[in-house]
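In: predicted model follows, preceded by the sequence.
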Amino acid sequence: MARWKGSFEQDLKKLIKLITGFEDNDENFHLCVNFSTSNIKHHKFLDVDSHKVMRSVEGICEKLRIHNEIKNAEKLEKYVDLFLQIPAFEGKDIGKTDTHYALLALLLNLAESPVFAEYKEIIKEVEETKDEFDWRAYLLEGEEIYIPSDGDTTDEEWTDEYKNMDGPSGEKIAVLKFEDDRIKEETSVTELLESNLLSQDLSTPAESGYSWLINNVVIQYWQGMIDDNQEIGDYPSSNLSIDWERYQERTNPLYSAGNMSLLTEIQLMREIIWMFSGVSSLFVFQFDGMQFKTRNDIMMSHLTTNSLQSILEDFAKYGTYVQVLYKCVQKVVSLSFCGNSQSAETVGQTYQAFANAITQFLLKMKVDMGKMEKRLIAEEETITMSLLYDELKPWLRKVVTLHEVYVKGIKRGYGFPSNSQRASKLLSAIYEKVMEYDTMGQYAGELLGLLLPIWLQTSRPYIDIIDSWITYGTLVDPKEEFVITRNREVKSLDETFWERAFTLHASASNNNANEDSNSVQKTNNSCAQMSRRVWAPLFLQPILLQVILTGKSMEMLESLGKLYDVVDKQDGLTSKQESLYEKFVNSLQALLCTKRVEEAVNSIQAVATPSKFVMFSVQVEQQMKLKGVYDPLLRINFETLFLDWIKKSEGKQSEEDDVSRILDLLDTENLQPVELILQQCLYPLIIKRYHKVCTHLVRILKEDYNLMEYLAAMRNFFLMEAGDTMFSFYTQLFDKIRRHEPWRDVSTVNMLLQESLSAHFPEEVNRLSVDVVIQDGMKDGQPTSITDCLKLHYKVPWPVDVVINSHCLELYNQIFSFLLQVKRVKYCLDELRFKDLEKENILRSLSHEKDLEATSEPGEIPRASRVHRMQILRMRLIYFVNSLHNYVMTRILHSTGLEFVCDLEKAVDLDQLIMVHNNYVRKIHERCLLHKKVGFLKEAVMKVLNLSLHFQRKWDQGIDEVMLKTIQDMESEFTRCIQFLASFLSNIIKRGSFPHLESLAFSLVTSTEHLTAFI
């Protein structure tokens, strides 16, 4: 310390004065000097700790991030790393020395508040170094400088002339001597180029202004200007047009060529390229709003006018197709922007997708046309109109194909009234074209590669509608272009929901909205029949029924509150579920793409896969947790909101771009049949969803809502399969009718029914009731129709009433009435007693016996004979009624019920459940002779049943009240009915029309044979 003591004390005093402001005579000044001197002399200064310095730097960076100064934190880390890497101290060639960290520590100690300091980065301006190398002299070294000559002077004259010429400053200009055809320069090339020899004497006067533009711009042939300096070749064919015109003038005195514009082939080819690029305002090709027409006043030097017109008309035809496609896109775009107004025509999303696909095709074509035009401008290769046509031929074939699709799919669909018909027409037109080229195999591979991506892009809105319906249960169709429409008048809790909630857009030839044929329920018999009547796209028709059933099942599950069970679960709140269209395209790509293409697609997906977005840094989250304001759900919501913005800011590709790239990479060379592709890629996705949703709905109805129990209740009570319970009910009722007691009272019949139910089915007491409905048509005087006023009512809750609806309950009641009639007749015949028949009338017995011989008529038989005939007739009636009863209860109800249970187990969707149940009820209704087509059979059977009840009344009156003629009339009527039924049923059995009637026919035939033998 002794060697620098003098200097250091003075500096220390100055430092104290500057920092504290104390004077020399101040006591505090001396205290500060003594304290500082003591520390400097006796304090042991340790080496700087690099770890502490870096922790301090990291702490400042962390504070900057907390204060949302992320860029400043990154710059600080960057500059600290750069500073530590500089090998500038201690004579070392590497960085990160103690001097580095000591300087950083000094800066950190001097910094007061680095977080709140405003930092502005100083950008160093790098001065560009001027290249003073003489490239001109270097490149011209050893080259011969050409001096033009007018042909009148010789080299010696030029040499003498230039020897006497002075430069602008009075210096002599260098003289060039030519020896052995090589230039020897007496002065340097640089001095020669700096002279004004070439600019003053050897070149033409410089042009400027309008004269320069006239000589350098393209001749405006569309304004009628002609290039006077245009040269025609020396070949004879170059003057073919002029020679032909001269020949025409010589041979035909009246021929007049008129004013013709002479154009070059390059000008014509550029006009052709402009036309194919979508330009409509041209000189050679004039567009009149419908098509391109060629001008008649143009000519070429090497083609006649007729041949030129023939070639140009061929190009004009294709140009018209291109312009039609441009007009189609413009119309769709314009209508899409003004489609919200009531007067404007609405454009469906299918048309917009098709216009987008056409736009992409036209853009690719336009880019190719631009490259072709550059080749023409460069004039580095020979290109004629014939060669141009050959090069454009692939594009022209594609243009013709798209124009055919436009005519068939859009132009012919403008007259349709609804977007559904127009969208279906367009999709079917593209699909038919794809199928047409698919059958041609490798000869149409290029066109198939064009149409298949266009069809996929056009069908995306349609597939997205299907996806939203079968995945989430919502039919999102803002433009009403889907084949299915929602009937808003039908609520979800309505029993007719399944039949009337969704309707099909009928075809134009059968668009009556009130017809039942539009109902989706009517389409269950055959999907092929449905496809002929419905405007559905061709590719959707094989799977349309599954789509409809899945969509309706999804909405019904939503009404039941079970939608969550069938919705695909996502990995997280921010993850997005893959749509049906994306699954279809990915499966299609996996099926069609080669290995090279798959690698390219994987790379695209790797680039397009969004990285995990972090809304807050780790330090900020730690601070928020410490302060108790950290909310993970709020963080996820913020990440979801800003995720799309982050994608755009990072320049990532959208999902539509990824799908478009995949479609462009499809390998159509080894393409399988399109129908097979749909069966392997699209249809399995829909069928898988169909099985998942529909089977889940059926399982819920069977397990949670006890559908099978309600169906069993229908069979137990309406079809009287619960024999003991229903026997207890109807026997009491039949007894009241037989005893002529009042019974047509609602309370009475309900009391009888509840007493019967309480023994075996107490849970059904509150569900099942009976009502007495007397109508005018029931008063026909027939004994069997007395019980037709009874109607059973069963409370079927929703959603079971979708299967057991009011129409089925009505059919059940008709079957119940018929069974009740048969049961009543059987019960009445079974309850007949012999003592009731043989009882005597006390008032008439004495007079009857005395006057029997006197009053007896010819043919009158004794009383005992009449009793015997009545007993025989009773047995015959019982045999018929028992045969009919056994046929109904065993062959119809029991056997059909077993088939019904098996069919219910096989049903996989609600539509099959409804169809199986409806077929079951309809089959029983028909086999119980209640259908109109077997009305004559029912009439014959009812005659026998009425005859049986009439016979029962006569039996109860006693034999004394029954005359022989009455017995004969009943016997003859019964015989006629039996013979008619037996003969008719026998003929039916022989034809095999109604096999279920075989047992009844056999019974009746046996009864007839017995009757014949008896007679």
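Out: Structure's in. What do you need?

In: the nearest residue to Leu396 once chain neighbours are set aside and Ser241: what is the separation?
Out: Closest residue to Leu396 apart from its sequence neighbours, by CB to CB, 6 or more residues apart in numbering: Tyr318 at 5.0 Å. Using the backbone N, CA and C atoms, a C-beta is placed for each residue, glycine as well. Tyr318 sits at a distance of 25 Å from Ser241 (criterion: CB to CB, to the nearest Å).

In: likewise Glu271?
Out: Where Ser241 is concerned, Glu271 sits at a distance of 18 Å (CB to CB).

In: which of the residues in the lengthiest helix in the chain are buried?
Out: When the chain is parsed with DSSP state H, its longest helix is helix 305-337. With burial defined by 16 or more other CB atoms under 10 Å, the residues of helix 305-337 counted as buried are 305, 308-309, 311-312, 315-316, 318-326, 328-329, 332, 335-336.

In: OK, contacts around the residue nearest to Leu396?
Out: Going by CB atoms under 8 Å, 6 or more residues apart in numbering, Tyr318 touches 276, 396, 399-400.

In: residue ranges for the strands of the protein, please.
Out: Assignment of strands within the chain using DSSP state E yields the ranges 176-179, 182-185, 261-262, 285-287, 292-294, 298-299, 484-486, 502-504, 768-772, 790-794.

In: the ones you listed: which one's closest to Ile700?
Out: Nearest of the strands of the chain to Ile700, taken as CB to CB: strand 502-504 at 19.9 Å.

In: quick one: contacts for the spatially closest residue to Pro478 that is not a sequence neighbour?
Out: Spatial nearest neighbour of Pro478, excluding adjacent residues (CB to CB, 6+ apart): Gln349 at 7.9 Å. Applying CB under 8 Å, 6+ apart to Gln349 gives the contacts 461, 478-479, 481.

In: relative to Lys688, which of these is nearest.
Out: Out of the contacts of Gln349, the member with the shortest distance to Lys688 (by CB to CB) is Pro461, at 22.1 Å.

In: and the pLDDT at the closest one?
Out: Looking at Pro461, its pLDDT is 92.

In: how many residues are close by Lys965?
Out: Neighbour count for Lys965, taken as other CB atoms under 10 Å: 11.

In: from Ser261, how far off is it?
Out: The gap separating Lys965 from Ser261 is 120 Å, by CB to CB.

In: neighbours of the nearest residue to Ile454 once chain neighbours are set aside, how many?
Out: In space, and not counting its chain neighbours, Ile454 is closest to Ala357: 4.4 Å by CB to CB, 6+ apart. The local packing of Ala357 (other CB under 10 Å) involves 24 other residues.

In: who touches Ala357 in this structure?
Out: Applying CB under 8 Å, 6+ apart, the residues near Ala357 are 453-454, 457-458.

In: change it to 7 Å
Out: Ala357 sits next to 454, 457-458 when contact means CB atoms under 7 Å, 6 or more residues apart in numbering.

In: the residues you listed into CSV, with extra columns for distance to Thr748?
Out: As requested, the contacts of Ala357 are exported to CSV (distance: CB to CB, whole Å):
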residue, distance to Thr748
Ile454, 75
Gln457, 72
Thr458, 70
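
In: so which of those residues is the most crowded?
Out: Thr458 (28 neighbours).

In: ok, Asp11 to Asn109 distance?
Out: Counting by CB to CB, the gap from Asp11 to Asn109 is 19 Å.

In: who has more neighbours, these two?
Out: Asp11 (11 against 8).

In: for the more buried one, give me its contacts.
Out: With CB under 7 Å, 6+ apart as the criterion, no residue contacts Asp11.

In: tell me the pLDDT at it?
Out: pLDDT, Asp11: 81.

In: burial count for Asp477?
Out: 21.

In: just checking, it touches Asp464?
Out: No - contact criterion CB atoms under 7 Å: Asp477 and Asp464 do not qualify, at 10.0 Å.

In: nearest residue to Met365 in space, please, no chain neighbours.
Out: Spatial nearest neighbour of Met365, chain neighbours left out: Trp395 (5.7 Å); criterion: CB to CB, 6+ apart.

In: same thing with Phe354?
Out: Thr458 (4.4 Å).

In: ok, so what distance separates the one you found from Leu913?
Out: For Thr458 relative to Leu913 (CB to CB), the value is 37 Å.

In: same check on Ser50?
Out: From Ser50 to Leu913 the distance is 79 Å (CB to CB).
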